[in-house]
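# Sequence first, predicted model second:
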There are 2 protein chains.
Amino acid sequence: MKKYVYYFGPQGTEGSAEMRNLLGGKGANLAEMSRIGIPVPPGFTISTAACVEYFKLSKLPDGLMNQVREGIMRIEKDMVRKLGDSKNPLLVSVRSGARVSMPGMMDTVLNLGLNDKSVIGLAEETDNPRFAYDSYRRFIQMFGNVVYGINGIHFEKELEKKKEEANAVYDNDLRAEDLTDLIKKFKQIFKKQTGKAFSQDPWEQLTDSIMAVFRSWNTKRAADYRRVNKISDDWGTAVNIVTMVFGNMGDDSATGVAFTRDPGTGEKRFFGEFLKNAQGEDVVAGIRTPQPISKAGRTSEDQITLEEELPEAYKDLEAIYKKLEKHYRDMQDMEFTIQKGKLWMLQTRTGKRTAMAAIRIAVDMVEEGLISREEAIMRIEPDQLDQLLHKRFDPKAKKRLFGVGINASPGAASGVIVFDPDKAVAWAKEGKSVILVRTETSPDDFHGMVAAKGILTSRGGATSHAAVVARGIGKPCIAGAEKIEIDYHNHLMVSNGITLKEGDEISIDGSVGEIYVGSVSNSPSEITAVVLGQIKPEETSIYFYYDKLMAWADEIRRLGIRTNSDTPHDSRTARKFGAEGIGLCRTEHMFFEGDRILAVREMIFASDSEGRKKALDKIRPMQQKDFEDIFKEMEGLPVTIRLLDPPLHEFLPHTNEEYEELSGRIGIPMEELMLKGRQLKEVNPMLGHRGCRLGIVHPEITEMQSWAIFTAVANLIRKGVNVIPEVMVPLVGFKAELDDQEQIIRRVAEEVQKKTHIQFEYKVGTMIEVPRAALTADEIAETAEFFSFGTNDLTQMTLGMSRDDAGKFLPLYVERGFCRVDPFQSIDRDGVGQLMGIGVEKGRKTRPKLKIGICGEHGGNPQSIELCDELGMNYVSCSPYRVPIARLAAAQAKLKHQKQQK
Amino acid sequence: MKKYVYYFGPQGTEGSAEMRNLLGGKGANLAEMSRIGIPVPPGFTISTAACVEYFKLSKLPDGLMNQVREGIMRIEKDMVRKLGDSKNPLLVSVRSGARVSMPGMMDTVLNLGLNDKSVIGLAEETDNPRFAYDSYRRFIQMFGNVVYGINGIHFEKELEKKKEEANAVYDNDLRAEDLTDLIKKFKQIFKKQTGKAFSQDPWEQLTDSIMAVFRSWNTKRAADYRRVNKISDDWGTAVNIVTMVFGNMGDDSATGVAFTRDPGTGEKRFFGEFLKNAQGEDVVAGIRTPQPISKAGRTSEDQITLEEELPEAYKDLEAIYKKLEKHYRDMQDMEFTIQKGKLWMLQTRTGKRTAMAAIRIAVDMVEEGLISREEAIMRIEPDQLDQLLHKRFDPKAKKRLFGVGINASPGAASGVIVFDPDKAVAWAKEGKSVILVRTETSPDDFHGMVAAKGILTSRGGATSHAAVVARGIGKPCIAGAEKIEIDYHNHLMVSNGITLKEGDEISIDGSVGEIYVGSVSNSPSEITAVVLGQIKPEETSIYFYYDKLMAWADEIRRLGIRTNSDTPHDSRTARKFGAEGIGLCRTEHMFFEGDRILAVREMIFASDSEGRKKALDKIRPMQQKDFEDIFKEMEGLPVTIRLLDPPLHEFLPHTNEEYEELSGRIGIPMEELMLKGRQLKEVNPMLGHRGCRLGIVHPEITEMQSWAIFTAVANLIRKGVNVIPEVMVPLVGFKAELDDQEQIIRRVAEEVQKKTHIQFEYKVGTMIEVPRAALTADEIAETAEFFSFGTNDLTQMTLGMSRDDAGKFLPLYVERGFCRVDPFQSIDRDGVGQLMGIGVEKGRKTRPKLKIGICGEHGGNPQSIELCDELGMNYVSCSPYRVPIARLAAAQAKLKHQKQQK
C-alpha cells in the first residue's frame, strides 16, 4: 500500500522541510516545526501524490481514507478528543498546500467536526455557547460554499436579516440563540441548494472536504495563476488536516503574525501584530486594529502589547522566533495562536520583503555568521536590485490609469506630454519636465529623448529603439502601448476613454509599464544618488549594504561586466556602476548629432567614391573627438567600437523641407534626391544593406571610421592615456566579409602609426549576430580576435521574428506558453542558445583563447547571463543602469554552476 | 633532384592523361596520344610544380634547365635536327597549358630556335626562303611581344610600311628580300625597346620564353578569368615544348581541325575543315575559306576535300579519329598538321557541343556499347537540358541590347511592352503578344503575368515573386534589371540611352538575362512541344534521345521529384514532365483570383472572429473547388498543401478607389479602413505576422482552409478518385505552434469525416524554414509527420539577407567570391546546408522514417539537389519546367555519391 498520509505531532513526525514536493510548502514546514520541537497543533498531511492519483483515477486512491482514519486517531490520542464527540470534540482544519505558495488560490475548510452533537460539547467545554454556535454556522457556510459550491450570497442574506432582527451591528453582537436560529436557516439553505441534508457525519464531511481541496487545484483562477507564474499543472496540491486551535476563547487567548526582522527595512528587530480574543479572520476583516507584539514596537502610548498582556506566551514566542530563524537561516513570517495561554505555531515561512530589506538582511546575516556570502548573493533577486536603482512612485499615491505597455526601461517619471522631439528640447530648456510620446522613435529623436524625463511609445517592444536608448541613458520608458491612439496632427492621444493633449501631465512607471493621468509623487534612488556622487553614502540607510553585497558578488563572479555606451556621459555612469569596459559602442548615434547629419546625407547622395570621401572627411574630425572623449572616460579599460551598422536610409531626410535644405546645400536637384531616397528604401531593412555590407560596398566609410578611431588612439597615447581599442565589424555572415573589412582596418591602423609615429595595440573582431556566423564560427575565428554575440539580431533571425512586428503575436505566444519567456527579454535557450553554443565551441576550436562576449540587450538579463556563464563566455555587456544587476547575476550564475557540478 | 620535365615521343613517353594536374590538360593529352601510338611531334612538358616553385622562389628552380637541355637533346635525336643548327635546325613551340583549359588567356611562343644562322638552314631545307624568313620575322615579333612586352604596334607599323613599299596586299605577298629587310627593322625595334640586342642564342631564347609563359599565369586577364571560373590561383601552368611542324611547306602540306561527331547535332559522322599549304594562324585570320575534310561533308560541288587531295593522310586521320574516340570514350575535337604528306596530331580534347548534341552523343554511345548508362547520365549538364525545354532566340539574329538583369526564368519571348497587369490581359485578349514590365510584381499581378509572354522587373532577384511565379508557369522572366528606370506615370522606360514607350516591342532572353529592343526571331522547344502533346515525337530529331536519357535517369535516381504548383494547369504540365506529386501547393495565390480578394479584404477588416468567419465562408467553397481540381490532376500522387503564408497586408487594397469600393461593400468608413490598413504595415514583413502566426492568432483561417481541403478530399473519394493529401503548416519555429495548428486541422478532419461519412487518410507536417525549427527538429518531429525545407526563407534568415534587398550587395559578393555561389540559386552548403543537416539528423532521431523534402526554389538547382541526396532526403520539389532537370540531377547526385563511397 502506498503511503499518502504523513503525521506530525508528539508521536513522531514523519515529514520534514526537505519533503516540500511531496507535502507542499505548508505541510513540510508544519512537519519541520514539529520535528524541532516547536509547539504545532498535531495533524497530518495528505501528499501531492494522492492528489495526482485522484485526478488520474477520478476518485480517491484506494487505501487513502484508511490512512486518514489512522491519522485522525493519532490526533485524537494527542489531544484527548474525538471527532464528532459531544464531550471533547476534535475540530480540524482542511487546507491546501502546494509545492510553491499560491496565496488565496485554493480552498480551505475550517472547524470541521462540528455537528448538532459536538457543538454542544464545544459550548460546554469553552463555557462559551456564542463562540460554539458561531463556529458551527461558519462551518456550515464554508463547507456549503467550498465543498458544494453554494453561492455565499444565500448565507450572507440570512445573516444580514438576522442582524437586523437582533439589532446587531457586527456579527459578534449576535447572541447564542440568534445563532442557533441562524444554523437552522443555514441548514435549510444547504438542503435547498444541494438537494440533500447537511451531513452530521464528520467522516463524510472530511472525505468531501479532502476531495474539494484537491479539486480546487484545477479552478480557473488557480490554473491562470499557475500559467502566469510558470508553475506546472502536474504537481497537484497536498492537503493539511490540523487540529483547530482558537484564539478567541477569552482574554487568555490571542492570534497574530510576526516577522523575525523588519520586512520593510530589513532592520534586525522582532516585529509583529496580534489581536486578543480573536480568530485569524478577525485580523483580515479589519474590524479591530491589531496591536504591536512587543513594547519596542509600540508606536503610540495607548497601544497594548503581547509582551505585557500575555508575558509567558510572549516569552515562548520570542524563543521560538529565534529558534526558527536560526533553523531556517532566513527571515521568517509566522502565524501563531494562543489558546487559553498556550502558544501554538500555525505556520512559518520565508518572509517576503522589500528589495532594501532583502539586501540588508542578507548582509546582516553574513555578518552574524548565520549564512555564507554565497548564500547572501543567492538571496537577492537581481530584478529587485533594479528597483533600488531607479526612481519609483509612492506605492500609496492615488493613480488614474491611462494605459499600459511594455516595461521597457525601469524607473518612474512625471511630466507634460510632448509629441515632438524638438519641442521636448525647447520645453526642457524652459525648465519643464517632459515626457516624450511617439508612435515609435528613430535615431532622429535622440535629442528629444535625452531632454525628456521619460519616453512612451505606442509601438515596438522591449528591444525597440526607444527601449534600447532609454535604458542606455537611464530614463524610464514604456514601449508598445498599443491601445493608445496617438494623433500627431491634432497633438493629442486617446486611451481608456480619456483624451490627453500636448502639455497635459502624465506619469509613467517604466518598471511595470503603467501610464497614469497627471503627476504622481515619487522618490529618488538613494543608491544611484551615491554612485553618481550626488549624496554621500552615510546619508542613506542602504548604500552600505548594497556596496558590501556587490563587493562579494565581484569576488565570486567569473564573467566580466561591460557596458553598452555611445557617449562619454553613459560611459562615466557605467564605470561608476562598476563596468569593466565597453562591450558595444555604437557609432551611428554619433551620425545624427548637430550638423553631422547633413554631412551624412551628403555622403549618401554622392554619386561616386570621391564624393562620399569628401563628405566623410567632414565627419571624421567630429567622430574622432567622440572616440577620444569615450576613450578618456574608459582609460585603462577595453572599448569595443562597432563600425556603422544601420542601413543608410535611416539617415535620409524625412520631410520635403529637409530635402529642400539638403538640395540647396549640395546642389543636387530635389527631385533627384527624392528619387534616390526612394530607391534606398528596403522591403526588409533588418535583412538588407547594413552592417559590414555597407563598408564592403562603400569602403570609404570603414576607412573614415578607422581613421577616426586610430587617430583618437594615437592622440591619447601621446598624452599618456592608456587606451585599449577593439574594432568590431557588424553583421558578418561569411569569413570573407570580415577579411575584407579587417584589411581596411589594419591598413589604416598602419598608416596612422606611420603618420603619427606612435605605436599602439588593437584588436579586430566581429559581432556574431547572423545565424550563419555562429554556424561557421570556426572559419570566422581564423580572422576574428574576439566575438561578441549580438543576440538582438541573432534572436530575430533565428526565430524569424522582427521585434518591431512581433507585437501582433508574441504576447499571445508568451501568454500561452508557446515560448517559455519573451525571447527578446531572455535568450531563447533551445534555439538561440543552441546556436550560441555552436558558435562558442567552433570559435574556440580554431582559437582556443578567443575572447567572447555578448552585447545584445540580453546582456543585462539574469537568465541570459546564466547562459553566458554556462557557455564559458568572457563577459557580458549591458546598459549602464543594468551593470550592478549583471554583476550580481554573474555571481549567482557561477554559484549555480558550481552547485550543479557538485 | 626533383623531376620537372616529362618527355613524350618515340623514346618512351613519361606522362599520361591521368597526370593532368601535373602536366596540364594539353601536356597530358599530348603524352597520352604519344603513349597510344598516335603521331605527335616529339616534345616534353615542364610540370605545373615547376611553375609553382618559380613563383615561390622568384627564379627558375635549380636543375630545371638541365632537365630542359636533356629534353631538347632527346627531341634532337628523334628529329635528327639540332637547335640553332644551320643545316637541320630544330624549331619548337613553347605553350602554356593549365590543369583546366583557359583558352587564349596565357602566352605562346612559336618558331623558337630561329636565328640568323638557322634561318638559312630552314630556307635551304624547305627550298622556300620566303617561308623561312617569314617564320623568322614572326618569331622576333612574337618573342619581343610575349617575352619582353614590346607593344605589337611597333612591328605592325614596319610591316605595313614594307607592304606599301612592296606593293603587297597580304603578308604572303612579301618576297624573301622584303622579309630579310623587315627582319633587320624588327631587330632594331627590339634593341630600341629593350636596350639589348635580339638574342642569337636559342638557349637564352628558350629560358626567357619558359619564364614568360610561367609569368603569363599571373596576368590580370588570366587572374580575372580564374576568378570568374572559380579556378584556384595556386595551380600554376605547365609549359609544353614541342617540335614545330609546318602545314605550309607546299601542296603536300596542310592544317586543320576535326570532330569525331557533329558538335551541333550530335550526328555520328566525321566532321572537320582544313586548309592546304597553310598554318593554323591562317585559318584564324580568315583570309582563305577552309574546306571540308571528307567528301561526305561537302556542301557544294566546287569544294575540294582532304579525302581527295591527300588521301593517304586522310586515311591515317580517319584511323586516328576512331582510335582517339574509342580511347577517350567521348567525342574529340582535334588539331592536325600535315607536313610534306606526313600527318601530325597537335592536340585532342573532349569537344564542346550543343545541348542537343550532348544528349544524342551520350545516348548513341551507350547504344554503341562505348559508355555505360551511368556515364551517359553524367555527361549532360542539367542546365544544358534546361535550354532544350524553352524557346530560344536565333543565335545569329541581330540584336540591340536595351539592358541586362538576372536570368530569373529561362526561355525567350518577344512582345509589346505593358506596364499594367490589367492592360496585359486586355491586350492579350486582342491577340497581342505582351511583355509585362513592372518595377516588381506582387500576387495582384498574377493575371497579368499569366497573360504575358514574358515578365521583366527592375527590382528583385532570382527568387523574387516575379521569378518564382514565372518559373511556375514556364514563362521567361528577367528580374532585377536595376539600370532600367521605369516611369509608370508617363508609360515609358529608359535604359542604355534608349527610351521605350508602352506598346513598343522588346525581346527578353530569360536564359541569359538580356533585354533587346524590338522583336528577335526565336525557335520553339521541340521536347516541350512533344511533352505537352502539341507535336508527335517522330516530328523531332531529339525527343527520342531525351526520352531514353530520362528513363535511365529515373532508373538510377533515389530522390523523388515533386513539383511546386498552385493550379490544375501547372500540375498537369508538371505531371507530364515527370513530377511524382506536389511538394508545395501555395494557397495564397488562390486568394487573389476574381472576387475572392474582396472577401479576403472583408475578412481582414472584420472586427471580430465572427466577422472573419463570415467572410471566410465566402471563400471556402471556391478554395474547395481549387483543391478538387488539383487533386484530380494529381490522382494517385501526394499533394502537399501549405496553409496561408503571407502577411495579411499583402492583400490590402492599393488605391483609394479600391478602398472606396471596399468601404461601400462592407459598410466600414473609408478612413477607418485606411487607418487599419496602415496599422497592418510591417517594418520587416518577412519576419512579421505571417505563416502559422496567422492561423494561431486567427484560427478561423486555418479552420476554413482545413474544411476546404478535407471536403475536397471527401468529395473526390466519393467519386472514386484516389487522393493523397498532406497538410503543411508554414513558418513553424516552436513545436507548440505546430501543435496548435495540428489540433485544428485534425479536429476539422474528424468533423468532415463524421459529416460526410467518408474516411480518408492524410498527413500533417511542417515547413522547416526558420533556423530555430532546424535546431529543434527533434521536438518538432514529435508532431510533424513530414518536413519540407523551405530553403528560400531558411536562406534569408540564416544569412540575414532579404532577397528583395540583397541586390545592392550580393552581386558584388558573388563576383568577389565572398560566397561561392549566389545562395538564392544554389544552397549555401556551409551555412544553410549545415543547418539542414542538423534538421534532418534531429528529425530522424525522433522519427526514423520521417519523410523529408525540399520545396524552396533550390529544389530545381542541380548542386542543391546533390546536397539533398547527400542529406538523405526523400524528395525535391521544383517548378514544373525544372522537373526534367531535377530528374537528371538526382540521378547524377546518386552516381556521384556512389563513386565517393567506393
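Structure's in. What do you need? Numbers count the residues shown, from 1 in each chain, chains lettered A, B, ... in the order given.
# any idea how far residue A:480 is from residue A:636?
40 Å (CB to CB, to the nearest Å). For every residue, glycine as well, the C-beta is placed using N, CA and C.
# who's more crowded, these two?
Between residue A:636 and residue A:480, residue A:480 has the larger neighbour count (other CB atoms under 10 Å in any protein chain shown), namely 28 against 10.
# My read is that the more buried one contacts residue A:456, right?
No. With contact defined as CB atoms under 8 Å, residue A:480 and residue A:456 do not form a contacting pair (10.0 Å).
# Return every residue with contacts to both of these two.
Overlap between the contact sets of residue A:480 and residue A:456, as judged by CB atoms under 8 Å, 6 or more residues apart in numbering or on different chains, is given by residue A:405.
# now stretch A:461-476, how far from the centre of its chain.
The gap between where stretch A:461-476 is centred and where its chain is centred comes out at 17 Å by CA atoms, centre = their mean, to the nearest Å.
# out of everything not next to it in sequence, what's closest to residue A:858?
The shortest distance from residue A:858 to any residue other than its chain neighbours is 3.8 Å, reached at residue A:864 (CB to CB, 6 or more residues apart in numbering or on different chains).
# residues contacting the one you found?
Residue A:864 touches A:791, A:826, A:827, A:854, A:858, A:876, counting by CB under 8 Å, 6+ apart.
# what about it, which helix or strand?
Here residue A:864 sits within helix A:862-870, counting by DSSP states H and E.
# for residue A:774, same thing?
With DSSP H and E as the criterion, the answer for residue A:774 is helix A:771-775.
# can you tell me how far the residue nearest to residue A:858 sits from residue A:821?
Taking CB to CB, one finds residue A:864 at 10 Å from residue A:821.
# And residue A:416, by the same measure?
Remark: distance between residue A:416 and residue A:821 (CB to CB) = 36 Å.
# Between those two, which is the more surrounded one?
Ranked by neighbour count (other CB under 10 Å), residue A:416 and residue A:821 place residue A:416 first, with 19 against 16.
# who's in contact with the helix or strand hosting the more buried one?
Taking DSSP H and E as the definition, one finds residue A:416 inside strand A:412-418. Contact with strand A:412-418 is made by A:390-393, A:424, A:427, A:432-437, A:448, A:452-454, A:475-476, A:493, A:500-511, A:518-520, A:522, as judged by CB under 8 Å, 6+ apart.
# Can you list the strands that it pairs with?
strand A:434-438 (parallel), strand A:505-509 (antiparallel) (DSSP bridges).
# For the helix or strand just after it, C-alpha coordinates in PDB please.
Tracing the chain past strand A:412-418, the next element assigned as helix or strand by DSSP H and E is helix A:421-429. Taking only C-alpha atoms (Å, rounded to 0.1, in the frame of the first residue of the first chain), the coordinates of helix A:421-429 have been written out as PDB:
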ATOM      1  CA  PRO A 421      11.500  65.800 -30.000                       C
ATOM      2  CA  ASP A 422      12.400  69.400 -30.900                       C
ATOM      3  CA  LYS A 423       9.600  70.700 -28.700                       C
ATOM      4  CA  ALA A 424      10.800  68.300 -26.000                       C
ATOM      5  CA  VAL A 425      14.200  70.000 -26.100                       C
ATOM      6  CA  ALA A 426      12.700  73.500 -26.200                       C
ATOM      7  CA  TRP A 427      10.300  72.900 -23.300                       C
ATOM      8  CA  ALA A 428      13.000  71.200 -21.200                       C
ATOM      9  CA  LYS A 429      15.200  74.300 -21.700                       C
END
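# Now do helix A:421-429: distance to the chain's middle.
The gap between the average C-alpha position of helix A:421-429 and the chain average comes to 33 Å, counting by CA atoms, centre = their mean.
# ok, now stretch A:685-694?
The chain centre lies 34 Å from the centre of stretch A:685-694; the measure is CA atoms, centre = their mean.
# For residue A:206, give its distance to residue A:492.
On the measure of CB to CB, residue A:206 and residue A:492 end up 63 Å apart.
# Against which helices or strands is the helix or strand that the helix holding residue A:774 is followed by packed?
Towards the C-terminus, the helix or strand next in line after helix A:771-775, according to DSSP H and E, is helix A:777-780. Based on contacts counted as 3 or more CB pairs under 8 Å, 6 or more residues apart in numbering or on different chains; DSSP states H and E, the elements that helix A:777-780 packs against are helix A:735-756, strand A:763-768, helix A:834-846.
# By mean pLDDT, point me to the weakest helix or strand of chain A.
Across the helices and strands of chain A, mean pLDDT, DSSP states H and E gives its lowest value to helix A:280-285, namely a mean of 64.
# and residue A:442, how many neighbours?
The burial count for residue A:442: 15, using other CB under 10 Å.
# Show me what the mean pLDDT comes to for the helix holding residue A:774.
Averaging pLDDT along helix A:771-775 yields 98.
# What of stretch A:126-143?
Stretch A:126-143 shows a mean pLDDT of 92 in the predicted model.
# Check stretch A:202-220 too.
Taken as a whole, stretch A:202-220 has an average pLDDT of 94.
# Identify each buried residue in that stretch, please.
By neighbour count with 16 or more other CB atoms under 10 Å in any protein chain shown, stretch A:202-220 contains the buried residues A:202, A:205-217.
# what about the longest helix in chain A?
Of all the elements of type helix in chain A, the one with the most residues (DSSP state H) is helix A:609-633.
# If you count contacts, what does that helix end up packed against?
When contacts are defined as 3+ CB pairs under 8 Å, 6+ apart, helix A:609-633 packs onto helix A:568-576, helix A:596-605, strand A:638-642, helix A:699-718.
# just these: most buried one?
For those, average neighbour numbers computed from mean count of other CB atoms under 10 Å in any protein chain shown are highest in strand A:638-642, which has a mean of 25.
# what about residue A:357, helix or strand, and which?
Following DSSP H and E, one finds residue A:357 within helix A:355-367.
# ok, residue A:268 - contacts?
In this structure, residue A:268 makes contact with A:261, A:262, A:364, judged by CB under 8 Å, 6+ apart.
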